[in-house]
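In: Curious how this folds, go ahead:
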Amino acid sequence: MLQHPDSIKHQQPAAGVQTQPLVQTETPLEEQELDVRVAIEGEAPQPFDAQQDTTSKSVYTARVNHWPVKTDSLLMPKSNDTIQVTVNKMPEYNRQSFFAKDTLIYKENQSGRFGIAGDPVPYSVRTDNVLTPLLIFGVLMLMYSVRRSSRLFAFQLRNFFHTVRTDSSIQRETAAEKRYLLYMDVYTAVILGLMFFFYSKAYIAETYVTYSEYSLMAIFVGITMGYFVFEYLLQKLVNNIFFSQHANELWSTSKFLVTAIAGVLLTPMLLLMAYFGLSIENSLIYTLIIVVFVKILLIYKSFIIFFQKTGDFLQNFLYFCALEIVPPLLIWGILVYVANFLKVNY
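Out: Numbering: from 1, shown residues only. Predicted structure coming up:
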């Protein structure tokens, strides 16, 4: 017969029967798991009929834990919450290595390239955003120089094919006109350097060890300008030894004039080759014709200025070969050697 728990609790033990007091034991594992689930979920445990009978209720008491804030163990953001992320700067000792100051080590550059690298686009002047403005500026300055020195050009061309026996040709030149002639000579040197650059890319090699295409252009242009300076100093030295000062001044003026004319004649060819697809073969033929024409004018002018009185054509030929034929061949060999030295040998 079942009795009420309170009656069992207050019932006195029978005589002669030894009883033991009720001692609360440790919480079973099932109850601990239940308490943990209650603490996490924040809900009261559901009653278990098999375990929570009248006897267990008198001994054990269900405990419900309520946390003030429901904890999200996965840190999932809610719809109205914003997450602020703070990136701490990496310490210096983590970025530097033992070989950080070694000049032979290359720093690693992180990049996010995907796929297969394609073939690089070959260099073209028409797509060069640096050389194109420089060429336009050079051509405009050339036109301005020709316009400002047109009087000198007209006078020198009228007196080019006969000997001027007075100092009128020297007295008519001003300092500004000489500066314009000097600029046109420098422009001619730049044009010839660019011409050899195109020649080297077409006939010697397409790839060089220089840092960029501009470095290769600068090397060729620098060598060409050095040739003009060397030729001027050499002719100045020889002419001062063998000829008079007046003849030397006439020759210098004529040489500057002919060089400037060569630069003017080479400009259309360079623009056609760079921006309108003129072949390098036709460009070389045109350049060779201009060079031969300039040399013919110079050999005729040297004969009129230096050797017309003596009539010695052999001396004129030797003078012209030593000072006008050998230096261009020498500078051509130097340019070809430098190009072969700088090219990439696979």
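
In: any idea which element residue 258 lies in?
Out: Assigned by DSSP states H and E, residue 258 belongs to helix 245-275.

In: Check which helices and strands that helix sits against.
Out: On a contact count with 3 or more CB pairs under 8 Å, 6 or more residues apart in numbering; DSSP states H and E, helix 245-275 meets helix 131-148, helix 150-158, helix 168-171, helix 175-199, helix 213-242, helix 280-306. Yep, even glycine has a C-beta here, placed from its N, CA and C like the rest.

In: what is the mean pLDDT for stretch 276-288?
Out: Confidence for stretch 276-288, expressed as mean pLDDT, is 88.

In: what bits of the stretch 101-250 of the chain have low per-residue confidence?
Out: By pLDDT under 70, the low-scoring segments of the stretch 101-250 of the chain are 101-118, 120, 162-172.

In: please redo it, this time with the cut-off set to 90
Out: For the stretch 101-250 of the chain, applying pLDDT under 90 flags the ranges 101-133, 145-182, 201-214, 235-236, 238-250.

In: Could you tell me the model confidence score at residue 12?
Out: For residue 12, the model assigns a pLDDT of 47.

In: re earlier: please identify the most buried of the helices and strands packed on helix 245-275.
Out: Among those, helix 175-199 has the highest mean neighbour count (mean count of other CB atoms under 10 Å), at a mean of 19.

In: okay, the angle between that helix and helix 131-148?
Out: For helix 175-199 against helix 131-148, the angle by axes from the mean of the first three to the mean of the last three CA atoms, to 10 degrees is 150 degrees.

In: what's next to helix 175-199, contact-wise?
Out: 138, 141-142, 145-146, 148-149, 151-152, 216-217, 220-225, 227-228, 256-257, 259-260, 262-264, 266-267, 270, 273, 280, 283-284, 287, 335, 339 (CB atoms under 8 Å, 6 or more residues apart in numbering).

In: distance of residue 248 from residue 268?
Out: 33 Å (CB to CB, to the nearest Å).

In: Looking at the two, which is more packed in?
Out: Neighbours were counted for residue 248 and for residue 268 using other CB atoms under 10 Å; residue 248 has more, 18 against 12.

In: Run a quick check on the more buried one versus residue 240, I expect a contact.
Out: Yes: the pair residue 248 / residue 240 is scored as a contact, 6.3 Å apart, by CB atoms under 8 Å.

In: Reformat the helices and strands packed on helix 245-275 as TSV; add distance to residue 252.
Out: Listed next are those as TSV, based on distance: least, CB to CB, whole Å:
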stretch	distance to residue 252
helix 131-148	18
helix 150-158	12
helix 168-171	10
helix 175-199	10
helix 213-242	8
helix 280-306	10
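
In: Residue 327: which of those helices is closest?
Out: helix 213-242 (5.0 Å; CB to CB).

In: Please identify which of the helices and strands packed on helix 245-275 is closest to residue 322.
Out: Nearest of the helices and strands packed on helix 245-275 (CB to CB): helix 213-242, 8.0 Å.

In: tell me what the closest one is packed against?
Out: Against helix 213-242 (3+ CB pairs under 8 Å, 6+ apart) you get helix 175-199, helix 245-275, helix 326-342.

In: In JSON lines: the ones you listed, plus distance to residue 159.
Out: Listed next are the helices and strands packed on helix 213-242 as JSON lines, based on distance: least, CB to CB, whole Å:
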{"stretch": "helix 175-199", "distance to residue 159": "15"}
{"stretch": "helix 245-275", "distance to residue 159": "9"}
{"stretch": "helix 326-342", "distance to residue 159": "26"}
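
In: hang on, the earlier thing: now do the buried residues in the helix holding residue 258.
Out: Buried residues in helix 245-275, counted by 16 or more other CB atoms under 10 Å: 248-267, 269-270, 273-274.

In: where does residue 208 fall, phi/psi-wise?
Out: With angles defined as degrees, to the nearest 10, residue 208 sits at phi -130, psi 160.

In: circling back to that earlier point, nearest to residue 298, out of the helices and strands packed on helix 213-242?
Out: Of all these, helix 245-275 comes closest under CB to CB, at 5.9 Å.

In: could you check the angle helix 150-158 makes with that closest one?
Out: Using the same axes, to 10 degrees: helix 245-275 against helix 150-158 is 110 degrees.

In: got the angle between helix 245-275 and helix 280-306?
Out: Angular relation of helix 245-275 and helix 280-306 on a 0 to 180 degree scale: 170 degrees, by the same axes, to 10 degrees.

In: Just the angle for helix 245-275 relative to helix 213-242, thanks.
Out: Going by the same axes, to 10 degrees, helix 245-275 makes 160 degrees with helix 213-242.

In: Begin at 30 from now on, thanks
Out: Happy to do that; since the first residue is 30 now, the last one works out to helix 274-304.

In: got a list of what residue 368 touches?
Out: Per CB under 8 Å, 6+ apart, neighbours of residue 368: 225, 229, 233-234, 237, 249.

In: which of those lies closest to residue 343?
Out: Using CB to CB, the contacts of residue 368 come closest to residue 343 at residue 225, 33.0 Å.
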